[in-house]
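> Sequence below, structure please.
(one chain, ligands or ions: 2)
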Amino acid sequence: MDRTRHFLSIADWSTDRLIEVLDLADRLKVDPTAAGQPLIGKTLAMIFAKSSTRTRVSFEVGTQQLGGQALFLSSRDVQLGRGEPIADTARVLSRYVHGIMIRTFEQEDVEGLAKHGSIPVINGLTDLLHPCQIMADLQTIREEFGPSLQDVTVAWVGDGCNMANSWLNAARKLGFSIRLACPEGYDPDEDILSSAREVSSVKLFREPGEAASGAQVVTTDVWVSMGQEEEAAERARAFEGYHVDEKMMSGAAEDAIFLHCLPAHRGEEVADEVIEGSQSRVWDEAENRLHAQKAILTTLMG
Ligand code: CP
Ligand code: NVA
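Ligands and ions are numbered 1, 2, ... in the order given. From the prediction side, this is the model:
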């Protein structure tokens, strides 16, 4: 399987291609028609096995703006949810549509769609990764600190979840430094962590303030990701103190910004004063999902 025909993980794309897509996203932000209508006559199937606001709406609106149409397929309503094999779904959808965006649990299911289908597959979040979100986050960082990410330090505070893993992949590809603080037992994926360490400056702490210290970007995510609802009480105990508040932000760089992929739980992973404060860029970050999505769609399906 040629992984570059898909967007399954940030790690699959070359640094040059990631930068080209970010540059296109920047142009699309200035002029929403900058890419023309490369999706005329084309359809994107969007399979959701988990909830979504930003991913669903930005892909649907983005596809329309590029001249195509998007189909929302809840996995509860399609036969996939009743056990039809992913390989069969991949082969059938490949006969009808021109691309698939999928949000689901297992990364293997996304890989399976790509392997058995004949059209581009985009990872709209799995338990392991959330690559589309990171493209919007990188766009937001470049808006703040300029196009070269080399001198930027990102601090990740909290769960070593899909977002943390994708941040590590991005650090590996784009050369920025990353400092993570995760409670014991909630570290990022071991393989992703070690691959990032081979290339970029990656430091793992147990004390959140240490990770945030001097960073230009402080970012976090919910303590309980989709599918982990039964672990909520245990996680609330484990993540005590992993709360981005004004005190933590004051230890970051003077010009530091705060990012969060959203949805956010105020009073848990982030204080209301931070997400609503002057250092927060979360609404730009959410907007950038649209521009980044359009750049990804143009690159893969245009
Ligand atoms: N950040 C993000 O992926 O949001 P949704 O879950 O609303 O798509
Ligand atoms: N880590 C979160 C991200 C939501 C966009 C989750 O998987 O639920």
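
> Tell me how many other residues crowd Arg179.
22 (other CB atoms under 10 Å). All C-beta atoms are positioned from the backbone trio N, CA, C, and that covers glycine.

> er, Leu193 actually
Leu193, neighbours per other CB under 10 Å, totals 19.

> Surely it touches Val202?
Yes: the pair Leu193 / Val202 is scored as a contact, 6.9 Å apart, by CB atoms under 8 Å.

> shared neighbours of these two, anything?
Leu168 (CB atoms under 8 Å, 6 or more residues apart in numbering).

> who in the protein is up against ligand 1?
52-55, 125, 133, 261-262 (CB under 6 Å from any ligand atom).

> restrict these to those near ligand 2?
Applying CB under 6 Å from any ligand atom to these, those adjacent to ligand 2 are 125, 261.

> closest to Leu290 among the residues of the chain next to ligand 1?
Arg54 (8.8 Å; CB to CB).

> ok, the closest residue to that closest one other than its chain neighbours - contacts?
Leaving aside its sequence neighbours, Arg54 sits nearest to Arg289 (CB to CB, 6 or more residues apart in numbering; 5.1 Å). Residues near Arg289 by CB under 8 Å, 6+ apart: 54-55, 58, 132-133, 136.

> Any chance of the backbone angles for the residue nearest to the spatial centre of the chain?
Nearest to the geometric centre of the chain sits Gln133, at 2.5 Å (CA atoms, centre = their mean). Main-chain torsions, Gln133, degrees, to the nearest 10: phi -60, psi -40.

> Any regions of the protein where pLDDT drops low?
For the chain, no stretch has pLDDT under 70.

> quick one: the helices in it?
For the chain, the helices defined by DSSP state H occupy 15-30, 54-65, 86-96, 107-116, 131-145, 162-174, 190-199, 208-212, 232-238, 246-251, 272-275, 282-301.

> List the buried residues of the shortest one.
Along helix 272-275, the positions that meet the burial threshold by neighbour count (16 or more other CB atoms under 10 Å) are 274-275.

> Which residues outside it are in contact with it?
With contacts defined as CB under 8 Å, 6+ apart, helix 272-275 is touched by 244-246, 249, 258, 260, 264, 266, 280, 282.

> Please list the residues of the chain that sit near ligand 2.
125, 130, 161-163, 221-222, 225-226, 261.

> same thing but at 5 Å, please
161, 221, 225-226, 261 (CB under 5 Å from any ligand atom).

> which residues sit in contact with the residue of the stretch 51-200 of the chain found nearest ligand 2?
Residue nearest to ligand 2 within the stretch 51-200 of the chain (CB to the nearest ligand atom): Cys161, separated by 4.4 Å. Residues near Cys161 by CB under 8 Å, 6+ apart: 188, 221, 225.

> Go through those and say which is closest to ligand 1.
The closest of the contacts of Cys161, once distances to ligand 1 are taken by CB to the nearest ligand atom, is Asp221, at 8.8 Å.

> Burial check on the residue lying closest to that closest one once chain neighbours are set aside, number of neighbours?
Closest residue in space to Asp221, ignoring its immediate chain neighbours: Met163 at 4.7 Å, by CB to CB, 6+ apart. Around Met163 there are 26 other residues, counting by other CB under 10 Å.

> Same question for Glu207.
Using other CB under 10 Å, Glu207 has 11 other residues around it.

> before we move on, what about Ser213?
16.

> The nearest residue to it once chain neighbours are set aside and ligand 1: what is the separation?
In space, and not counting its chain neighbours, Ser213 is closest to Gly251: 5.0 Å by CB to CB, 6+ apart. From Gly251 over to ligand 1 the distance is 26 Å, taken as CB to the nearest ligand atom, to the nearest Å.

> what sits against Gly251?
Contacts of Gly251 by CB under 8 Å, 6+ apart are 209, 212-214.

> repeat for Gln64
So Gln64 contacts Ala70 (CB under 8 Å, 6+ apart).

> Next, work out how far apart Phe145 and ligand 1 are.
When distance is defined by CB to the nearest ligand atom, Phe145 is 21 Å away from ligand 1.
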